[in-house]
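Enquirer: Return atomic coordinates for the entry below.
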Amino acid sequence: MEDYTFEMMYEDLRNGYQIYYTYVRNRYLLFRTAKNCYTQKLITENSKSPHPKTTMLTLKRVKEIFPFMENIEYRIGLSDEDDAKPLI
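Expert: Numbers count the residues shown, from 1 in each chain. Predicted coordinates for the structure are as follows:
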């Protein structure tokens, strides 16, 4: 789905979806924690990766990285990544 916009992702996050995506060669999970607060978890296991395993982001930061996200998938609730539905 190449027409997936930031506004669509924002609504998905507000509705409780978990978003999986690739950013700078790493796989992440993004979900809403509170109003204007999102948790980004590093899924990629790389022992030499300098990236933190968990990061708190604001909506502004999510919007900044959105154009660089690749392989975006979503899911509802807690389950394995194999159940993710591809968007792009």
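Enquirer: Mind giving me the packing neighbours of the longest helix along the chain?
Expert: Counting residues, the longest helix found in the chain (DSSP state H) is helix 6-14. When contacts are defined as 3 or more CB pairs under 8 Å, 6 or more residues apart in numbering; DSSP states H and E, helix 6-14 sits against strand 17-23, strand 26-34, helix 59-65. (Each C-beta comes from the backbone N, C-alpha and C, glycine too.)
Enquirer: contacts for it?
Expert: For helix 6-14, contacts defined as CB atoms under 8 Å, 6 or more residues apart in numbering pick out 19, 30-32, 38, 59, 62-63, 66, 72, 74.
Enquirer: closest one to residue 4 among the helices and strands packed on helix 6-14?
Expert: strand 17-23 (10.2 Å; CB to CB).
Enquirer: Please export the C-alpha coordinates of the closest one as CSV.
Expert: Provided in CSV are the C-alpha atoms of strand 17-23 (Å, rounded to 0.1, in the frame of the first residue of the first chain):
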residue,chain,number,x,y,z
TYR,A,17,-2.5,-1.0,16.4
GLN,A,18,1.1,-1.9,16.7
ILE,A,19,3.3,-0.8,13.8
TYR,A,20,6.3,-2.8,12.7
TYR,A,21,8.8,-1.1,10.4
THR,A,22,12.4,-1.0,9.1
TYR,A,23,14.3,2.2,9.8
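Enquirer: Partner strands of that strand, with direction?
Expert: Note on strand 17-23: by DSSP bridges, its sheet partners are strand 26-34 (antiparallel), strand 70-76 (antiparallel).
Enquirer: For it, give the mean pLDDT please.
Expert: Averaging pLDDT along strand 17-23 gives 95.
Enquirer: Please, a ChimeraX command that selects the buried ones among the contacts of helix 6-14?
Expert: Selecting just the buried residues from those in ChimeraX takes one command, with 16 or more other CB atoms under 10 Å as the test:
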select :19,30,31,32,38,62,66,72,74
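Enquirer: Can you give me the buried ones in the longest helix of the chain?
Expert: Neighbour counts using 16+ other CB under 10 Å place 9, 12-13 of helix 6-14 among the buried residues.
Enquirer: A helix includes residue 40, no?
Expert: No. If the criterion is DSSP: H, G, I helix; E, B strand; the rest coil, then residue 40 is strand and not within a helix.
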